[in-house]
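Engineer: sharing a sequence plus its predicted fold:
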Amino acid sequence: MHAGLFLEYNEGCKLVNGDRNMSEGVQTTKKDENYYRSLDITNDYMFMTVLNQHPDICLQLLRYMLPHIQINRVEYKQLKGLDVIPAQPNVQHVFSPGTDVHGVRLDVFHDDGERMFDVEMHTGKDGQNEFLPKRTRYTHSSIDAIALKRGESYHKLRPCYVIYICTFDMFGKGLYLYTVRNHVVEAPSIGYNDESYTLYFNAKGTVGKIPKVMKEILRYIRNPELYPIKKTKIEVIKQIDTAVKYNRQSPEWRLEFDMLTLFQQDAELRGEKRGKRDLLKDSVEKALSSELYTTIGMQVLYSTIAAPQDEIDKVVAELKKEYPGRYM
């Protein structure tokens with residue numbers, strides 16, 4: 001565990017730092033402002049939070065990406081047990097059809113009542129993203145697996161759109177949009193309509209027919225900092241840019257971003273080798289050791305750690321017992 005320098009939480013419980021006097025105040029180390037200012041809409045978490053915070057932006061974006069579909073509303077969804085239920089904003093949803101099945105995290109999962117939409121941002125290098133088709137395959141199967149309740153007929157499966165906005169050219173052909181559908185190889189003219197759609201939007205695209213506004217959105221995504229925001233007449237781009245700038249200056253958003261990054265790195269490095277309980281303990285321990293939380297309190301742990309509050313409380317109690325004198 002890192003040297004304690006954290007916080008006042010719950011009913012006056014404090015972490016004592018042997019090298020500092022808490023009455024003198026806790027000094028915090030801030031990340032370089034340039035780091036936060038470099039975060040734009042192409043950042044995965046930024047993209048997710050902007051679309052979750054602003055359903056109107058998400059709705060407009062879906063309409064420009066799918067102009068042939070009349071989309072009147074969107075609803076956030078998440079998995080609870082075996083049911084898909086309305087979700088609160090600012091949640092990255094992890095769907096898993098079974099307890100022993102690898103979960104797939106969906107950036108923004110929406111449902112207009114007739115169709116299901118997963119919208120994700122992807123960064124990478126041209127020609128170096130061979131994994132994405134199989135990720136797409138798994139995303140589709142995971143959504144379908146939880147879309148039907150036990151015993152329901154397959155005809156109740158609704159059209160599902162998995163949409164990637166890519167900063168790279170997925171297939172190297174310069175198209176604005178690559179649309180992928182299943183078909184019969186020997187007879188492509190056969191109508192094999194499984195209502196499964198995958199769309200790869202290419203921010204580097206120069207070829208193809210898509211709405212002019214969508215071309216401008218891709219142009220903005222390609223290089224947000226150089227895009228002429230003040231000159232554009234496209235309101236959704238202005239709205240996205242305003243939301244991005246607000247988030248990256250927001251202390252609350254920064255805290256959530258830093259904690260999510262911390263937890264994801266930990267999970268990626270150790271998730272396959274360690275149990276959930278160990279990972280939860282590590283997450284709580286790191287949160288309680290973070291300089292970012294010197295004035296926030298336990299509520300931040302509850303809102304950023306994906307575990308029930310009572311479980312977090314139990315882990316905190318264990319840490320207090322494991323490190324006598326560190327907490328008061």
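Structural biologist: Sure thing, it's come through.
Engineer: ok, residue 56 - contacts?
Structural biologist: Going by C-beta atoms under 8 Å, 6 or more residues apart in numbering, residue 56 touches residue 239. No exception for glycine: its C-beta is placed from N, CA and C like everyone else's.
Engineer: that one and residue 74, how far apart?
Structural biologist: 9 Å (C-beta to C-beta, to the nearest Å).
Engineer: before we move on, what about residue 141?
Structural biologist: Applying C-beta to C-beta to residue 141 and residue 74 gives a distance of 22 Å.
Engineer: looking at these two, which is more packed in?
Structural biologist: residue 74 (22 against 14; other C-beta atoms under 10 Å).
Engineer: and the closest residue to that one other than its chain neighbours, how many neighbours?
Structural biologist: Of all residues not flanking residue 74 in the chain, residue 110 sits nearest, at 4.1 Å (C-beta to C-beta, 6 or more residues apart in numbering). Neighbours of residue 110 under the rule other C-beta under 10 Å: 24.
Engineer: I figured residue 110 hits residue 62, correct?
Structural biologist: Yes. Using C-beta atoms under 8 Å, residue 110 is in contact with residue 62, at 7.4 Å.
Engineer: how far away is the residue nearest to residue 74 from residue 149?
Structural biologist: Residue 110 is 20 Å from residue 149, by C-beta to C-beta.
Engineer: ok so residue 109 is a strand residue?
Structural biologist: Yes. Checked against DSSP: H, G, I helix; E, B strand; the rest coil, residue 109 lies within a strand.
Engineer: thought it was touching residue 117?
Structural biologist: Yes. At 7.3 Å, residue 109 counts as touching residue 117 under the criterion of C-beta under 8 Å.
Engineer: quickly list what's touching both of residue 110 and residue 62.
Structural biologist: By C-beta under 8 Å, 6+ apart, the residues touching both residue 110 and residue 62 are 74, 117, 119.
Engineer: would you map the strands across the protein?
Structural biologist: Along the chain, counting by DSSP state E, strands occupy 8-9, 13-14, 75-80, 83-86, 93-95, 104-106, 108-111, 116-122, 160-166, 177-180, 196-202.
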